[in-house]
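Engineer: Okay, sequence plus prediction incoming.
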Amino acid sequence: MKPVRLILAIGIAALLSACGASDYTTRNAPFETTEPTLEFAATGPSGFDFEEAVSSYNVTKVNVAVPRSLIVSEANRYYPKGDIVWREDPVGDRHAQVAAIFEDAMARGTSDVKGAVPVIVDVQVMRFHALTEKTRYTVGGIHSIKFGLSIRSAETGLLLEKPRVVQADLVGFGGQKAINAMAQGQTQKVRITDHLANVIRKELTEPEGYENPKLGLIQTLNNRI
């Protein structure tokens, strides 16, 4: 490896391992987007207090939307600009590929959510920034994933909780660790799908929802873009 590339790789590795990132739990953050593609109800039933929302849900349907306004990057850089960065499927419709991953993950994560109140779950992808070839083959990084979440009554269509933004980051393996993971069947798609299934399950069954982990400086920079 040339000296300049070696120095760059070491520098990025140091950033990835840095501590002290802010906690990005966003369960109570409002769900805002410039191009909504799902029809979110504006309010709950008359006199309904969102703070008293029932958490014993029975998921009857999940809607997943990946807005075409999300920018796709195919640049093979350590950190390309773009809302969608995805390379593990063949070159093609990245929006559709990301939608398929989310649909699979949401179906798995909600399959055993069988409480008392029938609900419809609306998910809108806001960011899906996985690793480029260059990053995966060297230092690794962070899968930066963000989506809007809305929970509605399956009977009335009205919201049962305030729509919110969920940040669901995951460590992305690089170099030999990535090779070892792939040899065990733990591809990026497998890891991300399993991760998102766990995230939605926690959002729907635990009072505090999913808590995004602290993954270092690169995560902090990712989430400020």
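Structural biologist: The structure has been received and is ready for your questions. Remember, predicted model here, so these are calculated numbers, not experimental data.
Engineer: so where's this protein uncertain?
Structural biologist: Applying pLDDT under 70 to the chain flags the ranges 1-55, 215-225.
Engineer: And the helices in it?
Structural biologist: Here the chain has its helices, by DSSP state H, at 3-16, 94-110, 133-137, 175-183, 188-205, 217-223.
Engineer: by contact count, what packs against the longest one?
Structural biologist: Read that as helix 188-205. strand 57-65, helix 94-110, strand 117-129, strand 141-153, strand 170-172 (3 or more CB pairs under 8 Å, 6 or more residues apart in numbering; DSSP states H and E). Every C-beta, even on glycine, is put in place using the N, C-alpha and C of the backbone.
Engineer: of the helices of the chain, which approaches Ala154 most closely?
Structural biologist: Closest to Ala154 of the helices of the chain is helix 94-110 (CB to CB; 12.5 Å).
Engineer: if we can go back for a sec, would you turn the helices of the chain into CSV with mean neighbour count and distance to Tyr78?
Structural biologist: Formatted as CSV, those follow (neighbours: other CB atoms under 10 Å; distance: least, CB to CB, whole Å):
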stretch, mean neighbour count, distance to Tyr78
helix 3-16, 13, 6
helix 94-110, 20, 19
helix 133-137, 17, 5
helix 175-183, 13, 13
helix 188-205, 20, 16
helix 217-223, 19, 10
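Engineer: Can you say which of the helices and strands packed on helix 188-205 is nearest to Val72?
Structural biologist: Across the helices and strands packed on helix 188-205, Val72 has its closest neighbour in helix 94-110 (4.6 Å, CB to CB).
Engineer: The closest one to helix 188-205, inter-axis angle?
Structural biologist: 50 degrees (axes from the mean of the first three to the mean of the last three CA atoms, to 10 degrees).
Engineer: Identify all contacting residues around helix 94-110.
Structural biologist: Applying CB atoms under 8 Å, 6 or more residues apart in numbering, the external contacts of helix 94-110 come out as 59, 62, 64-68, 70, 72, 84, 86, 89, 121, 123, 125, 128, 147, 189, 192-201, 204.
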